[in-house]
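> Sequence and predicted structure are below.
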Amino acid sequence: MTGGPPKRAGPLRASEGEQGSPAGSGATIAIYSVKGGVGKTTFSANLAWCSAVQSGHRTLLWDLDAAGGSAFLYGLEPQETRLAEEVFARERPPTRLIQRTAFDGLDVLPADESIRTLDAQLVKIGKRKRLAKLTEELSADYPRIILDCPPVMNELSAQVVRAADLVIVPLPPSPLSSRAFDLVVREIAGNTKRHPPILPVLSMLDMRRALHKQAHETNPNWPAIPYASAVEQCAVQRQPVGALAPQSTAAQAFARLWGAIEKKLGQRS
């Protein structure tokens with residue numbers, strides 16, 4: 001294992017409607033887990049909306065998952081195929097692939113099928129901070145960059161951690177949630193020397209279920225996003241929950257989470 005133990009983000013708390021800190025310096029937030037089906041894309045799409053609409057930051061949602069879910073949730077598709085890998089090879093500037101959403105200040109850099117081979121490409125070119133350099137350049141136009149990450153542990157995920165100022169880890173509620181989070185922390189520590197704060201968030205929390213309630217009681221300081229039909233409708237309506245159902249408990253939970261993230265980012269030295 002390289003480096004020391006990774007930093008963990010302390011408990012994030014924010015009152016409802018808190019706007020967080022001013023824009024200040026740019027920040028890259030990665031939504032990451034070693035497992036699929038935990039809500040990464042839902043988190044990415046909705047937190048990006050909160051960043052642009054709730055905080056007024058010009059925001060880029062960068063989809064690094066070959067499934068392309070983030071762009072889909074905004075009604076977008078890659079305009080051409082196999083261009084995403086050219087961004088990392090420096091053969092095409094990322095700005096050429098960015099698409100606007102229907103929301104002011106929120107743009108998306110979609111994934112395409114070439115993302116599936118990106119790990120091998122990054123190993124081949126040998127640039128361990130290529131993603132960090134790209135996000136640094138993009139931050140001149142986008143004070144907030146949200147990375148929707150694939151459920152892998154390889155060179156791409158290591159580059160994500162090197163680029164991120166904060167890593168959000170969605171975790172389905174279970175008695176093993178803490179153990180799953182510790183696994184993510186160990187995996188990150190073993191693959192990079194730079195450790196941004198890592199924040200666990202319970203996803204799809206249903207307090208009517210005994211195991212979910214137990215997970216919440218075991219980790220009372222972890223933020224939580226509730227299981228809600230409004231979130232499921234995001235994929236149907238292809239809109240973030242804040243626009244689709246702004247008064248829903250899920251929309252309010254994402255707003256509180258984003259406000260707390262902004263407050264945490266504002267505390268950086």
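Good, I have the coordinates.
> where do the strands sit along this protein?
With DSSP state E, the ranges of strands along the chain come out as 27-31, 59-63, 99-100, 106-109, 144-148, 166-171, 198-205, 224-226.
> who does the last one touch, helix- and strand-wise?
Strand 224-226 is packed against strand 198-205, helix 249-266, with contacts defined by 3 or more C-beta pairs under 8 Å, 6 or more residues apart in numbering; DSSP states H and E. Heads up, the C-betas are built off the backbone N, CA and C, glycines and all.
> got CSV for the strands of the chain, with mean pLDDT and distance to residue 76 too?
Shown next, in CSV, are the strands of the chain (pLDDT from 0 to 100; distance: least, C-beta to C-beta, whole Å):
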stretch, mean pLDDT, distance to residue 76
strand 27-31, 96, 18
strand 59-63, 97, 9
strand 99-100, 94, 5
strand 106-109, 96, 6
strand 144-148, 97, 13
strand 166-171, 92, 22
strand 198-205, 89, 23
strand 224-226, 91, 23
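> Any chance of a markdown table for these, columns distance to residue 69 and mean neighbour count?
What follows is the strands of the chain, written out as a markdown table (distance: least, C-beta to C-beta, whole Å; neighbours: other C-beta atoms under 10 Å):
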| stretch | distance to residue 69 | mean neighbour count |
| --- | --- | --- |
| strand 27-31 | 11 | 27 |
| strand 59-63 | 7 | 29 |
| strand 99-100 | 15 | 14 |
| strand 106-109 | 11 | 25 |
| strand 144-148 | 7 | 28 |
| strand 166-171 | 13 | 25 |
| strand 198-205 | 14 | 23 |
| strand 224-226 | 16 | 21 |
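> any chance of the ones you listed in TSV, plus distance to residue 115?
As requested, the strands of the chain are arranged in TSV below (distance: least, C-beta to C-beta, whole Å):
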stretch	distance to residue 115
strand 27-31	15
strand 59-63	8
strand 99-100	16
strand 106-109	11
strand 144-148	11
strand 166-171	19
strand 198-205	23
strand 224-226	25
